[in-house]
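> Give the three-dimensional model of this entry:
(one chain, ligands or ions: 1)
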Amino acid sequence: MEYVTLSNGVKMPKLGFGVFLMNEPGEAEQAVTNALKTGYRLIDTASRYYNEEEVGAALKKSSIPREELFITTKLWFKDAGYENTKRAFEVSLEKLGLDYLDLYLIHQPFNDYYGSWRAMEELYKEGKIRAIGVSNFYPDRLKDLVMHNEIAPMIDQRETHPMNQQWEAEEWMKQDGVQLEAWSPLGRGNKEIFTNSILMKIADNHQKSVAQIILRWFMQRNIVTIPKASHVERMQENFDIFDFVLSHEEMELIKGLDQKTSIGGVLHNDPKMLDVLSQFE
Ligand SMILES: NC(=O)c1ccc[n+]([C@@H]2O[C@H](COP(=O)([O-])OP(=O)(O)OC[C@H]3O[C@@H](n4cnc5c(N)ncnc54)[C@H](OP(=O)(O)O)[C@@H]3O)[C@@H](O)[C@H]2O)c1
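Residues are numbered from 1 along each chain as shown. Now for the predicted structure:
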């Protein structure tokens, strides 16, 4: 495994496992059990993935020491605000069966996230969370949060993949010591990405799959990422990326694929996004 060191000195695995859309009974528990067996130690869930309990059940069953795990969950925007965040945090912790979290993220830059941040700063200082951060914060919202609070987020989790590379956002993050973490690193299995001739050629060069090339590219960019895979073979394939290195030329070829666009049109600076998200409890 490769690691990044966050601004507060916490070591975080660069490759983790995401459990979004794992909602069939038993699905997330089985997937996390398989992921831990494969070697993943970073697990990324959220209160609104509705599977924290199953993630917790898998963690409890495993014999992996707690300090080797890195568990992330996220605060839903309807739970924003100082008091609500403290409550939501306790609920998540209980569902996960943990007594501290490794990373707690504000899921979206909506509602009273300033109140949330103050609550998270306190929980962090009390030692209940090892690192605090945000998700889907664009540079303007991130800068504003940094400038008007005591503690800067250690992470900003954003949609990042070869079609949406986030170079500019990452530059802003670096100025404030914020680490970029990539969601949907494989573009949700998007066909355009998986059949891209440049990625297929690079995969051929290394006798690896397109998914492995993309994930290796994240490692070499020093970006944390959390691919999701229901299929065990894919989970294992995605973990098998530490025995080869992309050349500078290959890294540049992938850089040339950037279209700066979200694959699913998930834009957190579009007012319509609030209408979409408000439909969910
Ligand atoms: N903060 C946020 O707002 C936010 C938003 C979205 C996601 N996330 C996080 O990011 C994680 C990953 O993102 P994601 O789930 O949207 O998408 P993703 O990881 O980019 O892609 C997952 C899709 O790719 C397929 N896949 C995985 N490995 C593959 C391989 N080696 N070859 C071919 N196909 C492969 C999976 O198939 P199978 O599952 O069928 O095996 C699944 O359909 C989520 O699980 C979640 O933890 C966060």
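> could you list every residue that touches Gly16?
Each residue near Gly16 by C-beta atoms under 8 Å, 6 or more residues apart in numbering is listed here: Tyr40, Arg41, Leu42, Ile43, Asp44, Phe70, Thr72, Val224, Thr225, Ile226. All C-beta spots, glycine's among them, are computed from the backbone N, C-alpha and C.
> what are the phi and psi angles of Met12?
phi -130, psi 130 (degrees, to the nearest 10).
> what about the spatially closest residue to it that is not a sequence neighbour, which helix or strand?
The shortest distance from Met12 to any non-neighbouring residue, by C-beta to C-beta, 6 or more residues apart in numbering, is to Val4 (5.4 Å). Element membership of Val4, judged by DSSP states H and E, is strand 3-5.
> what about that strand, average pLDDT?
The average pLDDT within strand 3-5 is 98.
> One more: stretch 203-215?
For stretch 203-215, the mean confidence score works out to 98.
> what comes up buried for it?
Ala203, His206, Lys208, Ser209, Val210, Ala211, Gln212, Ile213, Ile214, Leu215 (16 or more other C-beta atoms under 10 Å).
> now what about that stretch, what contacts it?
Here stretch 203-215 has contacts from 15, 161-162, 185-186, 193-194, 196, 199-200, 202, 216, 225, 227, 234, 237-238, 240-241, 244, 246, 250, 254, using C-beta under 8 Å, 6+ apart.
> unless I'm mixing things up, Tyr124 is touching Gly133, no?
No. Contact status for Tyr124 versus Gly133: not in contact, 10.3 Å apart, counting by C-beta atoms under 8 Å.
> Just want to know which of the two has more residues nearby.
For Tyr124 versus Gly133, the count of surrounding residues by other C-beta atoms under 10 Å is larger for Gly133: 25 against 18.
> so the more buried one, which of the three states?
strand (DSSP: H, G, I helix; E, B strand; the rest coil).
> Contacts only, for it.
Leu103, Tyr104, Leu105, Ile106, Pro153, Met154, Ile155, Asp156, Gln157, Val178, Gln179, Glu181.
> The residues you listed into TSV, with extra columns for neighbour count and pLDDT?
Shown next, in TSV, are those (neighbours: other C-beta atoms under 10 Å; pLDDT from 0 to 100):
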residue	neighbour count	pLDDT
Leu103	25	98
Tyr104	29	98
Leu105	26	98
Ile106	29	98
Pro153	27	98
Met154	24	98
Ile155	25	98
Asp156	28	98
Gln157	28	98
Val178	26	98
Gln179	24	98
Glu181	29	98
